[in-house]
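Enquirer: just coords:
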């Protein structure tokens, strides 16, 4: 009898089917070319494997797409790599390797974009996607060390980009009276403190400052400027200062530059404007290296113009601390405190840097001596909030919790409008008792004292992150962001906010997604 036609037909049909074994063999060949850095050839083979693999074999297909994404990434074909990751994740929505790969590609796209304003929204989109994907991986597998480093890097770029975007459309927002007074404690020789003659608009602006009617100051300054009055230059400087305080930083920068240009032989005004502009440069999020160069250039010119200005030295000392130039900060603050023993902020900041240096050297005798000097400092400068806050920090570092609490308490009694001290004291109590509810109650009390206390909202956000309550953390950071002054502070808060937001979204997505097949280790 002839051959069985039925059996032959089945065999032919089977031969025409897509073959899993064949697809996996082709994928392995692709892997070999990948290892040899022959990525174009690897892509060809992965493509063939995808076309050969039966479409219902989703786990295997997801792996092949991820492998092709890796090869595309190595060739810097980021759009193709993203598409492959998307296809891989559609096939297996809990595939950590594809999520991880996609997060890295999103970050690479963001970092290849230019620094111009036209790219910033696209950059933010890719960085947010990177955060969301890496947060999904963490929900599935926990954070690995390299992912923590990756997250830090993404949040640094994302926070900065969001801060630059937000700075362009900020509404003028005057801080609390306490914050304005605190700002001016950074200056012993601000031209605002000079005696003046007459009753013109600038005199009214100065009187408004003394009466704490801060909302009137810019109006009177503008009247003096428009009339080209005798104090027009000082009016420009004071207006620029209040532009800084109301968070109109670009406008402030332009006006401070105009004051520097026009100051001529008025060294005092020029030096003050240089200090304020130098502080603005360093607290932007444009180009960290260039901003630092511009900032130091202003401070160094100010120091040349007036080598005995404690204001220049104190504020440059703060910049040096910010940029981790510790010895330069110590030198500046030491000189400032020697030049002006009555300059409260310079003297207590100098004491605190002495403490940090003694800590690094583990010099216990020196630390005890500094504690004694802080005791004298709070007596010498009873209205200096920073004296109590820094002394409390020193005592806290020495594990003298009760002593630190006493300092915060004294500071609050003398400065009842200072909500920051209430928050610091609440955090100290949390360290001692572990009672979060009492701490949160105290922070709410701080907000009643000063509804513009960004530190209170930031602290609530940090506590809610610790409690794994990301939605409340995001809300708290959203309240803090409009209240801070500089792009640098906004970048920090945006970083915290976006971290909490990404965790919230990834958690929600995983709850909503049907159970995926996760990573089967089939690469």
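Expert: Structure's in. What do you need? Just so you know, these numbers come straight off a predicted model, no measurement behind them.
Enquirer: which outside residues touch the host helix or strand of residue 47?
Expert: Under the criterion of DSSP states H and E, residue 47 resides in helix 39-52. Outside helix 39-52, the residues that touch it by Cβ atoms under 8 Å, 6 or more residues apart in numbering are 18-19, 22-24, 26-27, 29-31, 33-34, 61, 64-65, 67-68, 71-72, 74-75. Quick note: C-beta positions are derived from backbone N, CA and C, even for glycine.
Enquirer: can you give me the helices for the stretch 351-500 of the chain?
Expert: 364-380, 385-397, 401-414, 419-433, 436-449, 454-466, 470-480, 487-512 (DSSP state H, counting those that start in this stretch).
Enquirer: pretty sure residue 182 sits against residue 383.
Expert: No - taking contacts as Cβ atoms under 8 Å, residue 182 lies outside contact range of residue 383: 11.1 Å.
Enquirer: which one of the two has more residues nearby?
Expert: Counted by other Cβ atoms under 10 Å, residue 182 and residue 383 do not tie: residue 182 has more neighbours, with 18 against 10.
Enquirer: residue contacts, the closest residue to residue 429 other than its chain neighbours?
Expert: For residue 429, ignoring the flanking residues on the chain, the nearest one in space by Cβ to Cβ, 6 or more residues apart in numbering is residue 439 at 6.1 Å. Contacts for residue 439 (Cβ under 8 Å, 6+ apart) come out as 426-427, 429-430, 463.
Enquirer: against residue 463, how distant is residue 439?
Expert: From residue 439 across to residue 463, the span is 7 Å (Cβ to Cβ, to the nearest Å).
Enquirer: now residue 159, nearest residue through space, not along the chain?
Expert: Closest to residue 159 by Cβ to Cβ, 6+ apart is residue 495, at 3.5 Å.
Enquirer: same question but for residue 158, I mixed them up
Expert: Using Cβ to Cβ, 6+ apart, the closest residue to residue 158 is residue 127 (4.0 Å).
Enquirer: was I right to think that neighbour contacts residue 154?
Expert: Yes - in this structure residue 127 lies within contact range of residue 154 using Cβ under 8 Å: 5.6 Å.
Enquirer: any residues in contact with both of these two?
Expert: residue 107.
Enquirer: picking up where we left off before, so how far is residue 165 from the residue nearest to residue 158?
Expert: Distance from residue 127 to residue 165, by Cβ to Cβ: 12 Å.
Enquirer: higher neighbour count, those two?
Expert: residue 127 (27 against 16).
Enquirer: residues near residue 452, how many?
Expert: Neighbours of residue 452 (other Cβ under 10 Å): 18.
Enquirer: er, residue 289 I mean
Expert: Quick note: residue 289 (other Cβ under 10 Å) scores 7 neighbours.
Enquirer: buried residues in the helix or strand hosting it?
Expert: Take DSSP H and E as the rule and residue 289 turns out to sit in helix 288-305. Buried residues in helix 288-305, defined by neighbour count with 16 or more other Cβ atoms under 10 Å: 291-292, 294-296, 298-299, 302-303.
Enquirer: quick revisit: OK, contacts around the residue nearest to residue 159?
Expert: Neighbours of residue 495 in contact, by Cβ under 8 Å, 6+ apart: 155-156, 158-159.
Enquirer: and which of these is nearest residue 470?
Expert: Comparing these against residue 470 with Cβ to Cβ places residue 155 closest, at 14.6 Å.
Enquirer: grab the nearest non-local neighbour of the closest one.
Expert: That would be residue 495: by Cβ to Cβ, 6+ apart, it lies 4.0 Å from residue 155.
Enquirer: what does residue 410 give?
Expert: The nearest residue in space to residue 410 (Cβ to Cβ, 6+ apart) is residue 388, at 6.0 Å.
Enquirer: run a quick neighbour tally on the one you found.
Expert: 29.
Enquirer: mind listing what it touches?
Expert: Residue 388 touches 378, 407-408, 410-411, 414-415, 421, counting by Cβ under 8 Å, 6+ apart.
Enquirer: which one of those is nearest residue 435?
Expert: Among these, and counting by Cβ to Cβ, the member closest to residue 435 is residue 408, at 16.8 Å.
Enquirer: was I right to think the closest one contacts residue 424?
Expert: Yes - Residue 408 is in contact with residue 424 according to Cβ under 8 Å; the separation is 5.6 Å.
Enquirer: which neighbours do the two share?
Expert: With Cβ under 8 Å, 6+ apart, residue 408 and residue 424 have common neighbours 389, 392.
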